[in-house]
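Colleague: I would like to see how this sequence folds:
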Amino acid sequence: MRFKKKWGIHLLFFCLLISSFTPMIQADDSMVTTDISQLSFKQELIIPIDTSLEEAKYQPIDMRVQFDSSCYAKNESIHSVRIAFGEGSDLTELESQIYDLSHTDETHIDSCSIVFLIPSEATGSEKYYVLYDSQTVDPPSYQNHFKMKDTHYFYEPISGQTMDFDYYQLIEDDFIIYAIIQSGELLGNGMSNSIIKLLPNSTEFKTKNAEQIASFCMSYSTDPSGTHTGSQWATDIEKTVLVQGNLMIRIQIKGTSPNGNIKTDNIYTYYYNPLPSKRVHVNVDHEVLNTVEIKGNQEREGSYCSLSTIKARSATIEDMNLGEILPNIHIFNEDETIRGYDIPTNPDVSPADWLLSSTDDEDLGSKAWFCMDDPSAGNVHGFIFDKNSGILEGSDDGIQVKTSVNQHVKLPGLEADTGDLYALRNAYENGKHSTTLSDDVHVNFNVEYIAASTGGYEIVDKESTLYQSLIKDRPITRGNQTEPQEPQDEKERYTLTVLVHNAPSFPLGSLLAAGTGRNISYLTAELYRENDLASSGSAQRLQLGDINIDLEGKTFSEKIQTIRSIFDIKNSTFFKSFRFPNLEQGTYLIKIYKENPIIGKERKYIGYAITELTDTAKVHITCKKETSMDVLVFDQNNDGIEKILVSIQQEDIIISEVISDVNGTAHLVLPLDSKSLLTLQGLYQGFSVFNQEVKFGFLDRLRTQKETITIDLYDLDVEVIDTLGLAPAINPNPLVTSDEMVQPQNIQAIQKNPGIYEFTDLFSNTYNLKMSYKSFKIDEIIDLNQDTSTKILFPAEFIVNIELLNSYGLPMDEASFSLIREHLGPRVSIKNGETSVKVPPGTYKLDISSENDVIAAQQVEVKGDKTLTIISNQGSMIHTLITAFLLIFGVGSCIFLMRKQKKRFALHVFLSIIIILSIFQPWWMLTGETDGVNIQTTTLLFPSQIISLTSSADTIGGEISEVPEEFIMILQILIYLLILAAILNLSLVFIFKRFRKITLLIRILTIVCLLLSMVLFYVAMSEVTKVGIGGFSGSDTLPITIPGTADQADVSCSWGPSSGMFLLLIVFLGSIFLLFQKKIFPFIQRYIPFLDKI
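Modeller: Numbering: from 1, shown residues only. Predicted coordinates:
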């Protein structure tokens, strides 16, 4: 009895000692939490990413957790679940959110989904735990970071051009982050299942705050060319808020295209992020309900999603000034390299110009991302996919990338352009284009839309590695419960127990070292599978259970029972041991380390074993003294070679590995094993550059074994020229690879100068030198056995089609044309207003001359096949001849008729000719000049269009404005009204004597046609100009874009009615005068006696 009591007292003392080292539970200062140290259960969570990475900070962890014990939880708000992290004795609570609860009764669950963020303090060595209790505890009190509104937006900047949609407004910490569109349109484009990303710190939803549009609908091309349709026009919307919590919001939007061919059913998930960068995760689900034939330009063969950068500028409406077209796109392509392309930031084409089209066959590689970015500012918007294959069965599998630019609106003082980047079905492969979207197409994939103001495309590349790891654990939900998965065979899992011999260390060393902060020795084990760390732990003879004990208020016997519960007697062993549960079948490497050794500061690698796990098993490891080897690797010039992966292997399992330093030295450590035959291997740029046997003996206990190896390395210099003999204006991205590589990889060149590329320190071998740009590819064999230089012609050429118009927008007959870059380029003749040339990509100076006078000149960017409509300063021969004919005919007819005493006939002929003449004159004009920049914009009835002509020191050119079709229709109606007015006016001559009773009616109809023409034009032109320059007439300083560039100049301009309208006004006043001349102006008859007879 005395013995038992004494034993109890010692045990109590020991427990108190242990409890002084128990983990302290802390919480974030911003949270109001319960004392989670009182929670009964704790389970470790495995985080699938390296949390030491900077880009891992605040990454959302969203995973399904199965509880080992019953967990108290009534609902998503009232529950006992907490998340904490820590490296040693301290645990810090993290904000968390639970959802999709699986209840066993009204107040308990056996599983749920959990959301939390990787903290900024993460170092990579911390562990994460879920803590919970089976009893009632106070619910958590975390800050709710979100608000969400289901609302509507309408804005009509131009008559007929509307922004009209229903959307979810997502507000994070008082700032609007996204508008997730349910249905509606934006300037003639369907918007269902789209996201508008707003500028940082936006507090209200306005067009000027829009930064980017991401669309997740499926669309396809239709007739006429340039048009498309799809689920973006869905109106039968079903919307559901699936989850709304303090850290995560998840919504579902479903809709079908109006023609019933495409159904889209997407789930959008947004996780709280205190950093400026933002992410939206989308589970995309597209289903083709009816087989569709792709028509039109056939560029959209079934789009999966797209990014659109909008640029709009208005001189008078602040809300219409928004966005910038980002100048670059980057793609991680199927060559496993990052490919970059430039895109125009001020496009002047409509319909869209496809800079990357079907035939360019640009597909995504394994990291599956692309983005739009601005390298100067670091601004980037990108998509990261969970996979690049397995989306469809057959040859259409994969994701093809295309890009286009489009000028949607071009009016005086107003411009709206877009740059679009698409992910599509892989419909073009090996020269075959699939233009049928069959009704068995059903795609489902995950994609992350990331937006950041700094970091550029590099941040998307880093994010892709994290996202593709995290997405595997995220529960996909449809409805408010986890989507049922297809039944899968449950993999058998086993427990591996490792028993360690000949490795003395301090009892309970890991616990005492953590609790005291002193260097107390203990053993740790690391378990590897396929060279990846699978698990780790510290060795004990006496295994511990939960050491978070509470002795307060308990009797002595209860304290004894509590103390006994902290020891896991069942799993304790006579030898020091490690226990690794829940392991799948496979080959494992166990490494044993002594931490805090008596001699030396670094931990000692003292034992290892390789085991093939097929069932629950035990492995005995006899530890030995650590030994080491220095491998020195030099090239033929006796210079050290860095970045060689040097490893020591046994049975193809890596026992120890390290990368050589700048001096070519690799220092490896491993347990001394004199019996085993090991292999020393070096990997360099994918090659096995050495592979030899090594053996360690007794003397290696006292020394470091050294091995010196020499390998041959050479440089490869590549000069690339285009078909003009110049350095290419694009980067053909030279890279080399080899069939001899044991780990295939692409080695990219360093660009030294334009067209000059260098590969340094290549291993002597046979290489494939590859270059590509769009659909142009080169593949050459290089035998590298010495320093080598080579010159390669890169054959990329694109067709430039030219349509030459005069200043009235009508085709010109003949001219001379040149397209010059660095004094080289084609010089050809233009016949019937058209010509085409083929040139390599680059920036060219376009010159067009007629009779030795330059009539058009501007800069042209050629990055692909291009069609240019060039406006010259050459006048219209048709308009000149018609004007001259009408004036000569009118004056001649009037003189002739006056001499024949047919004065009434002469006057009506003259007025009718003026009416017809007004059709061929500008009706409205804007002019301006500042510092050598001249602008003239005219509105014409024939042809019915608005044309701008700009000239500067080295530019002469213009463009036809993109205006609403309704405005063009009104201009055409005006022509018919004016012709009718001229006919009615002229008919008065013939009916005056025969049909005197209807003469008054015809005069009134003529006046009505004239007045209606002027009023209709004034109203229509006022609608067109009010958004861009404020109204029909006025003056101001306007930003004028120089043709062929993105440059703008502020030009002092004035605008208002022009000669065509003035001529009609004269006719209108003349007609009024003729109608009322006898009553209102009788005294004029004395001076114009013949009026009495009219």
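Colleague: What sits closest to the most centrally placed residue in the chain if chain neighbours are left out?
Modeller: Among the residues of the chain, the one closest to the centroid is G382, at 1.9 Å (Cα atoms, centre = their mean). With Cβ to Cβ, 6 or more residues apart in numbering as the measure, C371 is the residue that lies nearest to G382, at 2.9 Å, once sequence neighbours are left out. The way it works is simple: take the backbone N, C-alpha and C, and place the C-beta from them, glycine included.
Colleague: quick one: strands adjacent to the helix or strand hosting the one you found?
Modeller: Taking DSSP states H and E as the criterion, C371 maps to strand 369-374. Each strand that pairs with strand 369-374, with its direction, by DSSP bridges: strand 328-332 (antiparallel), strand 379-385 (antiparallel).
Colleague: which one of these is the most hemmed in?
Modeller: Per-stretch averages of neighbours, counted by mean count of other Cβ atoms under 10 Å, single out strand 379-385 among the strands paired with strand 369-374, with a mean of 25.
Colleague: Check which helices and strands the following helix or strand past that one sits against.
Modeller: Per DSSP H and E, the first helix or strand lying C-terminal to strand 379-385 is strand 399-411. Helices and strands touching strand 399-411, by 3 or more Cβ pairs under 8 Å, 6 or more residues apart in numbering; DSSP states H and E, are strand 353-356, strand 414-425, helix 996-1028.
Colleague: Strand 399-411: how far from the chain's middle?
Modeller: Chain-centre distance of strand 399-411: 15 Å, with Cα atoms, centre = their mean, to the nearest Å.
Colleague: Check which residues of the helix or strand Q681 falls within are buried.
Modeller: According to DSSP H and E, Q681 maps onto strand 678-684. Residues of strand 678-684 classed as buried under the neighbour-count rule (16 or more other Cβ atoms under 10 Å) are 678-684.
Colleague: packing partners for that strand?
Modeller: Using 3+ Cβ pairs under 8 Å, 6+ apart as the contact test, the elements touching strand 678-684 are strand 626-634, strand 645-650, strand 687-694.
Colleague: related to what we said a few turns ago, which residues sit in contact with the residue nearest to the centre of the chain?
Modeller: Applying Cβ atoms under 8 Å, 6 or more residues apart in numbering to G382 gives the contacts 307, 369-373, 449-451, 457, 460, 463.
Colleague: mind giving me JSON lines with these and columns for neighbour count?
Modeller: Below are the contacts of G382 laid out as JSON lines (neighbours: other Cβ atoms under 10 Å):
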{"residue": "L307", "neighbour count": "25"}
{"residue": "W369", "neighbour count": "26"}
{"residue": "F370", "neighbour count": "26"}
{"residue": "C371", "neighbour count": "26"}
{"residue": "M372", "neighbour count": "25"}
{"residue": "D373", "neighbour count": "24"}
{"residue": "Y449", "neighbour count": "23"}
{"residue": "I450", "neighbour count": "23"}
{"residue": "A451", "neighbour count": "24"}
{"residue": "Y457", "neighbour count": "24"}
{"residue": "V460", "neighbour count": "26"}
{"residue": "E463", "neighbour count": "24"}
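Colleague: Nearest to I870 among those residues?
Modeller: For the contacts of G382, the minimum distance to I870 (Cβ to Cβ) is 28.6 Å, reached by M372.
Colleague: Now do the contacts for the residue nearest to the closest one when sequence neighbours are not counted.
Modeller: Leaving aside its sequence neighbours, M372 sits nearest to L326 (Cβ to Cβ, 6+ apart; 4.2 Å). L326 makes contacts with 309, 343, 345, 372-374, 379-381, 419, as judged by Cβ under 8 Å, 6+ apart.
Colleague: and which of the residues you listed is nearest E238?
Modeller: Lowest distance from E238 to the contacts of L326 (Cβ to Cβ) belongs to H381, with 28.2 Å.
Colleague: Please report how far the closest one lies from A352.
Modeller: Using Cβ to Cβ, to the nearest Å, H381 is found at 19 Å from A352.
Colleague: Point out where the stretch 501-650 of the chain drops to low pLDDT.
Modeller: In the predicted model of the stretch 501-650 of the chain, residues 508-518, 540-574 satisfy pLDDT under 70.
Colleague: quick one, helices of it?
Modeller: 509-516, 556-564 (DSSP state H, counting those that start in this stretch).
Colleague: same deal with the chain?
Modeller: Shown for the chain, the helices assigned by DSSP state H span residues 2-19, 456-470, 509-516, 556-564, 877-899, 903-919, 965-991, 996-1028, 1059-1080.
Colleague: What I need now is these written out in a markdown table, including distance to T104 for each item.
Modeller: What follows is those, written out as a markdown table (distance: least, Cβ to Cβ, whole Å):
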| stretch | distance to T104 |
| --- | --- |
| helix 2-19 | 33 |
| helix 456-470 | 29 |
| helix 509-516 | 35 |
| helix 556-564 | 27 |
| helix 877-899 | 86 |
| helix 903-919 | 84 |
| helix 965-991 | 64 |
| helix 996-1028 | 62 |
| helix 1059-1080 | 82 |
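Colleague: L716: which of these is closest?
Modeller: Ranking the helices of the chain by their distance to L716 (criterion: Cβ to Cβ) puts helix 456-470 first, at 25.7 Å.
Colleague: What residues does N663 make contact with?
Modeller: Residues in contact with N663 (Cβ under 8 Å, 6+ apart) are 632, 640, 642.
Colleague: Restrict the residues you listed to the buried ones and give me that as a ChimeraX selection.
Modeller: Buried residues among those (16+ other Cβ under 10 Å), as a ChimeraX selection:
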select :632,642
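Colleague: of all the contacts of N663, which comes closest to I83?
Modeller: E642 (41.5 Å).
Colleague: State the distance from that closest one to C217.
Modeller: For E642, the distance to C217 - Cβ to Cβ - is 50 Å.
Colleague: can you list the weak-confidence ranges in this protein?
Modeller: The chain contains residues with pLDDT under 70 at 1-34, 88-89, 158-160, 477-490, 508-518, 540-574, 897, 900-903, 992-997, 1077-1094.
Colleague: how is it carved up into domains?
Modeller: 31-132, 146-470, 499-622, 626-710, 714-793, 798-871, 911-1093 (automatic domain parsing).
Colleague: So P795 sits against F776, correct?
Modeller: Yes. With the criterion set as Cβ atoms under 8 Å, P795 and F776 qualify as a contacting pair; they are 6.0 Å apart.
Colleague: Those two: who's more crowded?
Modeller: Neighbours were counted for P795 and for F776 using other Cβ atoms under 10 Å; F776 has more, 17 against 12.
Colleague: what pairs with the more buried one across the strands?
Modeller: With DSSP bridges as the rule, F776 is bridged to Y773.
Colleague: Quick one: residues contacting it.
Modeller: When contacts are counted by Cβ under 8 Å, 6+ apart, F776 touches 794-796.
Colleague: and T627, what does it touch?
Modeller: Contact criterion Cβ under 8 Å, 6+ apart gives 669-672, 696, 700-701, 704-705 as the residues in contact with T627.
Colleague: E612 - how many residues pack around it?
Modeller: The criterion is other Cβ under 10 Å. On that basis, E612 has 9 neighbouring residues.
Colleague: Hmm, L589 and it touching each other?
Modeller: No. The pair E612 and L589 does not pass the contact test of Cβ under 8 Å, sitting 11.1 Å apart.
Colleague: that older thread, can you lay out the helices and strands packed on strand 399-411 as a markdown table showing distance to P504 and mean neighbour count?
Modeller: Putting these into a markdown table (distance: least, Cβ to Cβ, whole Å; neighbours: other Cβ atoms under 10 Å) gives the following:
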| stretch | distance to P504 | mean neighbour count |
| --- | --- | --- |
| strand 353-356 | 66 | 23 |
| strand 414-425 | 60 | 24 |
| helix 996-1028 | 84 | 18 |
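Colleague: okay if I get these as a markdown table plus distance to G600?
Modeller: Shown next, in a markdown table, are the helices and strands packed on strand 399-411 (distance: least, Cβ to Cβ, whole Å):
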| stretch | distance to G600 |
| --- | --- |
| strand 353-356 | 58 |
| strand 414-425 | 54 |
| helix 996-1028 | 76 |
